[in-house]
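J.: Quick one, what's the 3D model for this:
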Amino acid sequence: MAFSYEEKKDNSSKYLQIFNGGKKAPIFKTIIHKNRWRLLLSLLLYIIKDSPVVIVPICTGNIINIAQDVVAGKITDGYWWSIAINAIIIVVSLLQNILTHTLYARLNDNMLRSISAGLREAVVRKLQHLSISCKSDMESGDLQWKFLRDIDGVDNYFSTILKLFVPSIVTALVAFGIAVYSNWTIALFFLVVIPLNVILVQLFSKRIQRENHDYRLANESLSRRFSTMIEMLPISQAHGLEENEISSLDLEVKDVRSKGLKVDYTTALFGSEMWVVSSLISFGCVMFTIFLAIQGKIGIGDVVLYQSLFGNITGRVNTIVNVVPTLGAGRESLASLSELMGIEEVEDDTSKLHLSEVKGDVAFQHVSFQYPGSDKDAIKDFSLSVKAGETIAFAGPSGSGKTTIVNLLLGLLKPKEGEVLVDGHDLQELSLKDYRRHLSVVPQTPILFRGTIKENITYGLAKYSDEDVEKALEISNCTEFISRLPQGVNSMIDEHGGNFSGGQKQRITIARALIRNPEIIIFDEATSALDNFSERSVQEAIAKATQGRTTFVIAHRISTIKGADRILYIEAGHVLEEGSYDELMAKKGRFFAMQNASFSAQEEEKKKMSEYL
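T.: Numbering: from 1, shown residues only. Predicted structure coming up:
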């Protein structure tokens, strides 16, 4: 049964749309647009809560000018009332800061936390929906860096903009506006000297941005190399290559250190020069306003006012220019995330057919596939019709196209030509998410995580019973070794299943596949890495698992494929032979030669082992 519907969007998928990256929906613009009303409210609250910065100097200047006029005899009465009014205004403006600053901080913090959570959720969802070809092209170290460091960098970027950059611009503009209203001469002085800071920023900004870019790339390279080193630890230790790995990683660490020091040096030099220039300009303002006061063009109180305004402006400009390195690093993190979020090669279930049940009929109709960057087809004009409940085995040399066929069936790859049909439906027209709920895959290398056996078997299942677990364990031949464990099915599995044998891990993986009661099950070299004793246990589990299910098996060992309904011998993407095991052996063709070579190799191995013993 199949039906079509418009998929409902939850909050998570909305974030995936919002943080989509690329030219059509850049992350920065979409975040600003989504939070535009909260940003406007934040700006209003900031203006109110920060008003003492300009109100206090104005009122203080008024009080000083009143006192100056009283001393000069220009005012003889009523001045205490004027002083009191200015004092009350100062007190009220300061007290209101308690409430408005609290509201401002709460609003900004909630907004920043929401942005951060939304980004992390969007990255996770993006990775889950990326096509297999995209994932295979991306290093795990790069992805870890983007998820951990780049999102932190974006958090810091928006925090700097909201809490420092925008507030500094607003305060500087308000202070400059008051200076323009009060005295054009002072305003022109401000206008002439302040651009010196901006010029200094321009001299450093490109250099800072370039060095932050180089530093980010070096860190990503180190992260990739470190991930590779962790994966290769058993190999490097087994071959005595520890020092080689240490030396190789040490070069990456030194490169990160070198590029990091460049960023630190440039930032330090930038900050030092900014401080010197700002101090000189501030001293120049004092001298200029005192000169005007001596000339009688402004009052002594105005000197305090303009010095305070100038201090506000230069201080805010300094804040703006000092956060340039932070903003540069943040923009680099933003660009890095945009690279990921802008990838359009995703699996889209919108307007697809959703299968509520799967019978298990599979057909490949003249299917061809070519990997990107290759000039040869991995499989060419491949056709196969499989009835529900059949077991099909693929045999052939490495690189012949066996795994490509399975990945096409899983929907991880799309045919260049032809169609893959499931119960008569073209796979490209189906919701892959729903379709894959009817499949299970047992990979060559068991994938287990740290947790109980039960947690590993029931991974991803919302509903299951203890009977379901017991049945899966029984069919997969797990009961015999789990029953000997003190905690049984609640026994812990170490990371990657290190406390279990290869055969035990593979049988747990088969149990995980079976508890889902799939209509289609795939075994990808499930016994290739096992010894003969372990292979027999797993083979028995496979035999039980295939009953009543459409089964596809990739294997080299005779015992694994001998009971298949049909065996396809594949070379260079072409099916050269097809039939039952006995039929293919009777033909004495390619499959026969492969099996004899395999048998001879096994006998030679046994002979060497017996001589060694």
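
J.: which intervals of the stretch 51-200 of the chain have sub-threshold pLDDT?
T.: Across the stretch 51-200 of the chain, the ranges flagged by pLDDT under 70 are 76, 129-148, 193-194, 197-198, 200.

J.: for the chain, what spans make up the strands?
T.: Remark: strands assigned in the chain by DSSP state E are 2-4, 353-355, 362-369, 379-386, 391-395, 417-422, 425-426, 439-442, 451-452, 492-493, 520-524, 550-554, 566-571, 574-579.

J.: Mind checking the ones you listed for the one nearest to residue 71?
T.: Closest to residue 71 of the strands of the chain, according to C-beta to C-beta: strand 451-452, at 81.9 Å. C-beta here means a position set from N, CA and C on the backbone, and glycine is covered the same way.

J.: Give the other helices and strands that that closest one contacts.
T.: strand 492-493 (3 or more C-beta pairs under 8 Å, 6 or more residues apart in numbering; DSSP states H and E).

J.: what mean pLDDT does the strand it packs on have?
T.: The average pLDDT within strand 492-493 is 88.

J.: I'd like the distance from it to the chain centre, please.
T.: Distance of strand 492-493 from its chain centroid, counting by C-alpha atoms, centre = their mean, to the nearest Å, is 28 Å.

J.: ok, it: who's next to it in the sheet?
T.: Strand 492-493 has the following strand partners under DSSP bridges: strand 451-452 (antiparallel).

J.: need the contact list for residue 68.
T.: Listed by C-beta atoms under 8 Å, 6 or more residues apart in numbering, the contact partners of residue 68 are 299-301.

J.: ugh, typo on my part, it should be residue 85
T.: No contacts exist for residue 85 under C-beta under 8 Å, 6+ apart.

J.: Show me which of the contacts of residue 68 are buried.
T.: Among the contacts of residue 68, those classed as buried by 16 or more other C-beta atoms under 10 Å are 299, 301.

J.: what about the helices in the stretch 201-350 of the chain?
T.: 233-238, 242-294, 300-322, 324-341 (DSSP state H, counting those that start in this stretch).

J.: can you list the contacts of residue 68 in JSON lines and add pLDDT?
T.: JSON lines is the format used below for the contacts of residue 68 (pLDDT from 0 to 100):
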{"residue": "299", "pLDDT": "75"}
{"residue": "300", "pLDDT": "76"}
{"residue": "301", "pLDDT": "76"}
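
J.: nearest to residue 318, of the contacts of residue 68?
T.: residue 301 (25.5 Å).

J.: nearest to residue 33, of the helices of the stretch 201-350 of the chain?
T.: helix 324-341 (15.2 Å).

J.: Name the residues of the closest one that are buried.
T.: Neighbour-count burial for helix 324-341 [16+ other C-beta under 10 Å]: 324-338, 340-341.

J.: repeat for stretch 174-183
T.: 174-176, 178-179, 182-183.

J.: domains for the chain, by residue range?
T.: 21-341, 353-612 (automatic domain parsing).

J.: Distance of residue 402 relative to residue 565?
T.: 17 Å (C-beta to C-beta, to the nearest Å).

J.: residues in contact with residue 90?
T.: Neighbours of residue 90 in contact, by C-beta under 8 Å, 6+ apart: 52, 55-56, 59-60.

J.: ok, now residue 564?
T.: Contacts of residue 564 by C-beta under 8 Å, 6+ apart are 391-393, 553, 580-581.

J.: phi, psi of residue 476?
T.: phi -90, psi 10 (degrees, to the nearest 10).

J.: ok, it touching residue 510?
T.: Yes: using C-beta atoms under 8 Å, residue 476 is in contact with residue 510, at 4.1 Å.

J.: any idea how far residue 380 is from residue 367?
T.: Taking C-beta to C-beta, one finds residue 380 at 9 Å from residue 367.

J.: again, but for residue 420
T.: 6 Å.

J.: which stretch among the helices of the stretch 201-350 of the chain comes nearest residue 427?
T.: helix 324-341 (26.6 Å).

J.: Which other helices and strands does that closest one contact?
T.: helix 27-34, helix 79-129, helix 151-160, helix 195-231, helix 242-294.

J.: hmm, 6 Å instead?
T.: helix 151-160, helix 195-231 (3 or more C-beta pairs under 6 Å, 6 or more residues apart in numbering; DSSP states H and E).

J.: Which positions in the last one come out as buried?
T.: The one in question is helix 195-231. Quick answer for helix 195-231 (16+ other C-beta under 10 Å): 197, 200-201, 204-205, 208-209, 211-216, 218-225, 227, 229.

J.: Count the neighbours of residue 322 for me.
T.: 19 (other C-beta atoms under 10 Å).

J.: Could you check how far it is from residue 573?
T.: For residue 322 relative to residue 573 (C-beta to C-beta), the value is 61 Å.

J.: if we can go back for a sec, ok, so of the contacts of residue 90, who is nearest residue 259?
T.: residue 52 (43.0 Å).

J.: how near is the closest one to residue 180?
T.: 21 Å.

J.: How about residue 578?
T.: For residue 578, the distance to residue 180 - C-beta to C-beta - is 88 Å.

J.: ok, now residue 566?
T.: From residue 566 to residue 180 the distance is 88 Å (C-beta to C-beta).

J.: One more: residue 542?
T.: In terms of C-beta to C-beta, residue 542 sits 84 Å off from residue 180.

J.: In space, what's closest to residue 421 - neighbours in sequence excluded?
T.: Using C-beta to C-beta, 6 or more residues apart in numbering and skipping the chain neighbours, the partner closest in space to residue 421 is residue 363 (4.2 Å).

J.: wait, doesn't that neighbour sit right on residue 383?
T.: No: the pair residue 363 / residue 383 is not scored as a contact, 8.0 Å apart, by C-beta atoms under 6 Å.

J.: and residue 522, bridged to which residues?
T.: residue 441, residue 552.

J.: What count of nearby residues applies to it?
T.: Other residues close to residue 522 by other C-beta under 10 Å number 21.

J.: Backbone dihedrals for residue 50, both of them.
T.: Taking degrees, to the nearest 10, you get phi -90, psi 0 for the backbone angles of residue 50.

J.: From the structure, what's the count of residues near it?
T.: 20.

J.: Any regions of the stretch 251-400 of the chain where pLDDT drops low?
T.: Ranges of the stretch 251-400 of the chain meeting pLDDT under 70: 341-350.

J.: ok, residue 473 - how many residues close by?
T.: With other C-beta under 10 Å as criterion, residue 473 counts 26.
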